[in-house]
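J.: Any chance you can model this:
(chains A, B and C)
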Amino acid sequence: MNDYLNDLNSDQQKAVIQIDGASMVIAGAGSGKTRVLTYKIVHFLKNGINPFNILSLTFTNKAAKEMKNRIDKIVGGHQSKSLWMGTFHSVFSRILRAEADKINFPRNFTIYDTADSKSLTKSIIKELNLDKDVYKVGTIQNRISSLKNNFISPEGYNNHPELLESDKKTKRTEFGRIYLMYVQRCFKAGAMDFDDLLINTYKLLSDFPETLNKYQKKFQYILVDEYQDTNHIQYLIIKKLAALNENICVVGDDSQSIYAFRGANIQNILNFKIDYPDYKLYKLEQNYRSTKNIVQAANSLIKHNEKQIEKDVWTDNTKGDSIIVCETSTDNDEGRLVANTIKDLISDSNFKDFAILYRTNAQSRSLEEALRKLAIPYKIYGGLSFYQRKEIKDVLSYFRLTINPQDEEALKRVINYPSRGIGTTTIQKLLICANENNISIWEVISDLGKYKIKLNLGTQKKLTDFTFLIQSFMAQTESSDAYKIAEHISKVTGIFSLLNSDHSPEGINRFENVQQLLNGIKDFTENYDGESIPVLSEFMKDVALLTDTDNEKKEDYNKATLMTIHASKGLEFPYVFVVGMEEGLFPSMMSGNSQSDLEEERRLFYVAITRAEKRLFLSHANNRFKWGQYIDCEPSRFLEEIDQKFIMKKDFSSVKKQEIVPHKIYAKIKPQIKKTLVPKQFVKTNFAKNITINQSDLSKLQTGQNVKHAKFGNGKILQIEGEGSNKKATVFFSGIGQKQLLLKFAKLEIIK
DNA sequence: TCTTCATAGTTTTTT
DNA sequence: ACTATGAAGA
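T.: Residues are numbered from 1 along each chain as shown, chains lettered A, B, ... in the order given. This next block holds a predicted model:
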């Protein structure tokens, strides 16, 4: 009956079988933390606990999805559907929508993403006529966010001498006003930013005892993953929810705490011991993921941190190869070294087995270029996610406005897109009027006559036309399904034809992105299993909370992964490259000199190392292109901190320091440089059969040739037209259809 | 009011 | 390198 327990070692079993009471699981990297959580829920279900009564908070939506799948597999059936499982933000937004009326928000409240918050902050600074060099948007935004995460309201701020004093010092005496306005404007717009989802949940549970009681009764068992990365508000909410039953299990690893910058608080681990004095502590110390070399190297690094919970991570796995530390001359060399190494190792592995991790998103460029040149398929996470692209946000803004017309950021975004002759001057007037009357812009334009604004008749007509347009959408949105209304909006607003008329490669891409969005909505509509019709607002509920990781495409399955170390948390790969191991980059120069910042950077490196199963490559360049110029770089201090007996150093920098070439003409460099860059140990010489086309080779492309495109796959050239750099090809891709490609952009390869 | 072109500022990590 | 902003022209 309990045979599923046989999948666990004895430490894991002990942690799993405790059902009632408080417990904390300190789980070293790769020790089966997710496994314990998954099996713990399985154990709950097998012991007759209703999935409805279990709340499980995870760090990403993807983790939640995978866990649900595994639970269903082990238990059978679809019990996981009734579990409350997801990120803090998504679970709480679900609660907030259900209880919205209590806190005076519309049920359809908008979730402002970072870009929306930024735009609003910017707008407020401008309206208050403040110097934008003193009141930098980013700084203000960060300060607002950190105050919110410490549960300090605008009033609280005004009564806080220290905070006022520190803003006096930086000459930002008006910060309090900005903060207050920001909060008021969000409220007026029926919008919550990411922090509000937490704050408002806490307020709801504090101000409405009967609501608190309802959820306390509901969530009889609470599980929290990645507990080391929860912040103060999250801690307070969990504490409240768990107060009735005190059945709470938190899982984490203090060595992997890497989100202090956004308020994560290691204090939460210490508080746990105080709040639940009878708690049980379980330690998982056996690592199943990595080789001995990797595990021990990671241990030797993290020893340099003073603050940490004592534990001894060990493994039964083989010793494995040494960790390779490579020195290259430039960042581009580094990229090529990584690409060449992958090419060499690929014969007995899959592309999906490789991950390239870096400290900052900006580092991806040189790597991408090198991978493309060797035809290594890759996917890249972070940077601009799908939902943050301009064309997507534009369309979504129409949807948002239809669902919640008070949404000011959405309105500002689309009131003149596509151009309908409503310019910045008009918008400024409307904004002033709205502020003076303490109403939203939507209320102003839907009753223009009531407010005396100096606008000429033409402009007034344009505004009422716009209002009618949105109203017509609103009238349909509750009765038609999401896809129908989404398609209708895209067409009627003219977005579809506008994007479709742009035939540049970028324009085509934008058009396709919007189509992809609509396809997603179509999927949602067709697979909806709720009782009523799948309305648009239902689709829009969580869109702001989705990230690229959450909706991986099938065709991306077997590709190398590029991501920041932060994004790699919880993942594992047989082969891991950590690039840019340089002072000022990693540890980041922003981490300053404070001990705690440096320790966080070190934990981040610890996370990076422990992603690797079989082999780990660390690299650093002596010269890196940054801020428009090449700058000298020193190897990271972290490289010295690893016990050197686990490391083998390779120096590629002596490859004669060629004059530095801008990357655009890089393609012309002959392959022998590549050869010298390949470590002899892994060389198998024969290079790719495919030839990448660079500018000078355009003439080699002919009608009838088979080619390969990074995104569209294999295809055949049907036609070539244009001259020189304007040369265009019509290519037929199987399964996709005909595409017009501007050859100077499309990285086509001839397939022999 | 819209479009285009030049210049300036910018880079840590994210739900 | 890349976007965002501002000035000038249409």
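J.: can we go C-alpha only for contacts and neighbour counts from here?
T.: Noted.
J.: so A:Leu130, which of the three states?
T.: At A:Leu130 the chain is in coil, as set by DSSP: H, G, I helix; E, B strand; the rest coil.
J.: Check the gap between it and DNA strand C for me.
T.: Remark: distance between A:Leu130 and DNA strand C (Cα to the nearest atom of the strand, to the nearest Å) = 12 Å.
J.: Now do the contacts for A:Tyr324.
T.: Residue A:324: Ile, not Tyr. Residues in contact with A:Ile324, defined by Cα atoms under 8 Å, 6 or more residues apart in numbering, are A:616-618, A:647-650.
J.: Now list the buried members of the residues you listed.
T.: A:616-618, A:647 (16 or more other Cα atoms under 10 Å).
J.: From the residues you listed, which land in strands?
T.: A:616-618, A:647 (DSSP state E).
J.: and those as a markdown table, adding pLDDT?
T.: Compiled in a markdown table, these are given as follows (pLDDT from 0 to 100):
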| residue | pLDDT |
| --- | --- |
| A:Leu616 | 95 |
| A:Phe617 | 95 |
| A:Leu618 | 95 |
| A:Ile647 | 93 |
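J.: and of those residues, the nearest to A:Tyr417?
T.: A:Leu618 (46.9 Å; Cα to Cα).
J.: pretty sure that closest one contacts A:Ser322?
T.: No - under the criterion of Cα atoms under 8 Å, A:Leu618 is not in contact with A:Ser322, lying 11.2 Å apart.
J.: So whatever residue of the stretch 151-300 of chain A ends up closest to DNA strand B versus A:Thr230, what's the distance?
T.: Closest residue of the stretch 151-300 of chain A to DNA strand B, Cα to the nearest atom of the strand: A:Phe261 (5.0 Å). The gap separating A:Phe261 from A:Thr230 is 11 Å, by Cα to Cα, to the nearest Å.
J.: How about A:Leu96?
T.: For A:Leu96, the distance to A:Thr230 - Cα to Cα - is 19 Å.
J.: Neighbour count: these two, which is higher?
T.: Taking other Cα atoms under 10 Å, A:Leu96 and A:Thr230 do not tie; A:Thr230 has more neighbours (25 against 22).
J.: Next secondary structure element downstream of the one helix or strand A:Asp195 maps to?
T.: According to DSSP states H and E, A:Asp195 maps onto helix A:194-207. Using DSSP H and E, the helix or strand that follows helix A:194-207 in sequence is helix A:209-218.
J.: and for that next one, what are the contacting residues?
T.: Taking Cα under 8 Å, 6+ apart as the rule, helix A:209-218 contacts A:52-54, A:204-206, A:240-245.
J.: out of the residues you listed, who has the most neighbours?
T.: A:Leu241 (26 neighbours).
J.: Next up, the contacts around it.
T.: So A:Leu241 contacts A:212, A:215-216, A:219 (Cα under 8 Å, 6+ apart).
J.: hmm, back to that, state the pair within the contacts of A:Ile324 that is farthest apart.
T.: Between all members of the contacts of A:Ile324, the farthest pair (by Cα to Cα) comes out as A:Leu616 and A:Lys650, at 13.3 Å.
J.: coming back round to it: tilt between the helix holding A:Asp195 and helix A:209-218?
T.: Here helix A:194-207 runs at an angle of 100 degrees relative to helix A:209-218 (axes from the mean of the first three to the mean of the last three Cα atoms, to 10 degrees).
J.: Just the mean pLDDT for helix A:194-207, thanks.
T.: Averaged across helix A:194-207, pLDDT comes to 95.
J.: list the buried ones in that helix?
T.: So helix A:194-207, judged by 16+ other Cα under 10 Å, has buried residues A:194-202, A:204-205.
J.: next one: stretch A:423-431
T.: Buried, per 16+ other Cα under 10 Å, within stretch A:423-431: A:426, A:430-431.
J.: Any part of that stretch near DNA strand C?
T.: No - applying Cα under 7 Å from any atom of the strand, one finds stretch A:423-431 out of contact with DNA strand C, separated by at least 10.7 Å.
J.: on that earlier part again, between the contacts of A:Ile324, which is nearest A:Lys126?
T.: A:Leu618 (45.6 Å).
J.: ok now do that closest one, which residues does it touch?
T.: So A:Leu618 contacts A:323-326, A:577-579, A:581 (Cα under 8 Å, 6+ apart).
J.: Would you mind measuring from it to DNA strand B?
T.: 18 Å.
J.: pLDDT score assigned to A:Arg510?
T.: Confidence score, pLDDT, at A:Arg510: 82.
J.: Ok, the one 4 residues further on next?
T.: In this model, A:Val514 is scored at 88, pLDDT.
J.: Wait, a strand at it?
T.: No - looking at A:Val514 with three-state DSSP, it is helix, so not inside a strand.
J.: Give me the nearest residue to it, chain neighbours excluded.
T.: Setting aside the residues directly before and after it, A:Val514 is nearest to A:Ile392 in space (Cα to Cα, 6 or more residues apart in numbering), at 6.1 Å.
J.: residue contacts, the residue of the stretch 201-350 of chain A found nearest DNA strand C?
T.: Going by Cα to the nearest atom of the strand, DNA strand C is nearest to A:Asn332 of the stretch 201-350 of chain A, at 11.8 Å. By Cα under 8 Å, 6+ apart, the contact list for A:Asn332 reads A:366-367, A:370.
J.: What residues does the residue nearest to A:Val514 make contact with?
T.: A:386, A:513-514, A:517.
J.: check which helix or strand covers it.
T.: Residue-wise, A:Ile392 maps onto helix A:390-403 under DSSP H and E.
J.: and the next element down the chain from that helix?
T.: Past helix A:390-403, the next helix or strand by DSSP H and E is helix A:408-414.
J.: so how far is that following helix off the chain centroid?
T.: Helix A:408-414 sits 23 Å away from the centroid of its parent chain (Cα atoms, centre = their mean, to the nearest Å).
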